[in-house]
Each structure stands twice: as C-alpha cells, then as structure tokens.
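[1] model the following, please.
(one chain, ligands or ions: 1)
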Amino acid sequence: MAQRCYVVGNWKMHGMRADLSEARAIDRASLRLPKVEVAIAPPATLIATLRETVTQIGVGAQNCHRSEKGAHTGDISAPMLREAGADFVIVGHSERRADHGETNDDVKAKAEAAQAVDLGVILCVGESEEQRDSGEAEEIVARQLADCLPASAQRLSVAYEPIWAIGTGRVPSVQDVGTMHKWLRAVLMDRYGDEGKEIRILYGGSVKGDNAAELLSVPEVGGALVGGASLTADGFVPIIAAASALDEG
Ligand SMILES: O=C(CO)COP(=O)(O)O
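    From the prediction side, this is the model:
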C-alpha cells in the first residue's frame, strides 16, 4: 500500500505559546492537503497545548529518556510524552548526539522505549562534512543506522540528515540523496525483511519551499524533516503543498 508522504516540522528549541498561531495556520492548511501526513515536534513545554490546538496534524517530541522513570533530573520519559499527547518522538538527532553525547546505543534504547508505549519513532542519521569528503558517507551512515535500529520496525521512520546541510542552506545533490536513501533501504530490508520496505525514509537539512519538490521526488524519499522552515506557516505550507502536488503528479 502506498503511504502518504510524511512532512514533519522539528521546532528544536523554538516556540512559545504565541507561536501556536503558526501551528494553527499549518493545521488549517493541512486540511486542504490531505494527501500529506503532517506533524510538528515542538519543544516539550508545548506538546500538551499543541495537542489541544490542532486537529489534522500529528504532534511529536524531540527526545525521550531510555528509561520509563527514575532518578534522572530534567529528563522526560516516553510514557510521559505519550500522556502529554505526543504521537511520536524524534531520536538520535545530530544536535542531541553533539550536545548531549548520545551514542548509537542510547538512540536504539530510546527508540525501543518509545515503541514500548506505542509512540512512533523518527530515527535520525547523517554524516559530517569530513565524512562526506572522505567519500565514505554511505558506508558510514548505513553502519550508523544498523547500530541504532530497534528490534522492531513498529511505527518506525528514518530521517537522513547530513549534518553539514542542517541550517546551512546547503543541500546534497539529488543523486547523492538518492544513493544514500538506497543504501538505507537496503539496511532496513536486511534487518526487517519485507517490513523494511514500508519504513518511510525522510530527508532533512535545509528543506525549503523552493527545493522541496526536487528533494521529495527522489526515489526512496518518503518525506521531509524540516527545521527552520517549519516554524512559520509561510515557510512550512509551501513544503506541504509541494509534497501534495507530487503525489498528484
Ligand atoms: O535538523 C533539521 C530537522 O531535524 C533540519 O534543519 P533545517 O531545516 O533548519 O536545516
């Protein structure tokens, strides 16, 4: 069964209550573009309020702890996120790996903790600029993915986000995106068999309204994980519209 294109906004450490008006506008626009599955992952402080604010789009978290509960000051567990109204959680974002030293083992444990309470998971992988320059990006990222994958493919998506493309306005060529996504598909099928065919592989890194159509039309690209451009309806809706138009074409 063909799945809907999945377009997800990662608000990172942006978003106050006043910004919920943008989410409302995105929610309204998404009602007109039903062929695309849309979601926003706001900061944890806004998850519950966003859940009550929107009706069409999914609501997610940007991280969870690997344990269900315990003495972990400042952390939030997957069951807590679920209770707050999250549908899914992003794990393994390169900013968390860099800022908090998260390892592949942590990422895998977080994904499994999320699946245990039936949260969807968007598992992020991606290479640094040096790794890209070394000519081994595909091998490196495929290995990273293999090391992070949870035991089950339940409600799993993967996001390929080259670190050097995040927030820089630089994007890989469509050929490079296509080659990488093919490698990632092979890893998923190797691990999960036929189930691995159904897992959506999103592209992330400087996706904007004017490059979304090109990136989303690459084979094996099942959606986009969008940072900066997802913070406003003006930035995000054109990406959703591009995804919708592709589906029609
Ligand atoms: O990191 C990203 C999404 O998770 C991408 O961020 P930008 O879209 O701002 O480059």
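[2] in the chain, what spans have low per-residue confidence?
    Applying pLDDT under 70 to the chain flags the ranges 1-2, 247-249.
[3] for it, what spans make up the strands?
    In the chain, the strands defined using DSSP state E lie at 5-10, 36-41, 58-61, 88-91, 120-125, 156-160, 200-204, 223-226.
[4] right, is the third one up against the ligand?
    It stands for strand 58-61. No. Counting by CB under 6 Å from any ligand atom, the ligand is not contacted by strand 58-61; separation bottoms out at 11.1 Å. C-beta: built from backbone N, CA, C; applies to glycine.
[5] tell me the strands beside that strand, with direction?
    strand 36-41 (parallel), strand 88-91 (parallel) (DSSP bridges).
[6] near the ligand, which residues of this structure show up?
    Applying CB under 6 Å from any ligand atom, one finds that the chain approaches the ligand through 10, 93, 161, 166-167, 204-207, 225-229.
[7] quick one, what contacts the closest residue to the ligand within the chain?
    As assessed by CB to the nearest ligand atom, the ligand sits closest to G227 within the chain, at 2.3 Å. G227 sits next to 9-10, 12, 166-167, 204 when contact means CB atoms under 8 Å, 6 or more residues apart in numbering.
[8] let's see it at 6 Å
    Counting by CB atoms under 6 Å, 6 or more residues apart in numbering, G227 makes contact with N10.
[9] now the one 4 residues further on
    Residues in contact with L231, defined by CB under 6 Å, 6+ apart, are H14.
[10] thanks a lot, catch you later.
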